[in-house]
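Chemist: structure for the following, please:
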Amino acid sequence: DDDADEERESFGVQGADTFGDITAGVFYVYQELDSDTFPDADVDDNYGIFADYAAGPLGIGFLFHDGQDEDLQVNVTYDLGNGISLFGGYRDEGENAADEEQAEIFYIGGDYDLGGGASLRLSYAEVDEGEGGVDSDLDELGAAEDVKEGTTLAVSFEF
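Modeler: Residues are numbered from 1 along each chain as shown. Below you'll find the predicted structure:
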């Protein structure tokens, strides 16, 4: 309907601080939707916490987000040196707006720096879609890693 009127408001704040090897933070986003098309639409505010640990070759990241849906993520990286790094993680997409459980995702992999801007990635990811499926907004499974479902061997180049 070309005559439909929809107005969205969103305002967010985020704060973080570093304590030694740990960076921790919180965020909150107020959201409102005023819509002629969906007059009873209820848009949840978004909030969450995150923490990252980085010391030497080890990195650990944690994120919890709630709002339109829930999201819990844990990512681990380890740099072996000589251009080789390993990663793994877990992601639980929680429930969607219809209270259906969405996907749980586990992934592992490794990268090898081939030099000259080229790198090789080998990864494996397993997805349990749950009754609500996989969040359609996701192009990748890991928060910090570009990982696809199943086994992937990829070569990338930076120019």
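Chemist: quick one: the strands in the chain?
Modeler: Along the chain, counting by DSSP state E, strands occupy 6-19, 22-35, 46-55, 58-66, 70-81, 84-92, 104-115, 118-128, 150-157.
Chemist: reformat those as TSV; add mean pLDDT.
Modeler: Converted to TSV, the strands of the chain look like this (pLDDT from 0 to 100):
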stretch	mean pLDDT
strand 6-19	88
strand 22-35	86
strand 46-55	93
strand 58-66	92
strand 70-81	91
strand 84-92	92
strand 104-115	92
strand 118-128	91
strand 150-157	89
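Chemist: closest to residue 98 out of those strands?
Modeler: Distances from residue 98 to each of these were compared using C-beta to C-beta; the shortest belongs to strand 70-81, at 12.9 Å. Any C-beta I mention is one placed from the backbone N, CA and C, and that applies to glycine too.
Chemist: phi, psi of the nearest residue to residue 102 once chain neighbours are set aside?
Modeler: On the basis of C-beta to C-beta, 6 or more residues apart in numbering, the spatially nearest residue to residue 102 that is not a chain neighbour turns out to be residue 93, at 3.7 Å. Geometry field for residue 93 lists phi and psi as phi -80, psi 0, criterion degrees, to the nearest 10.
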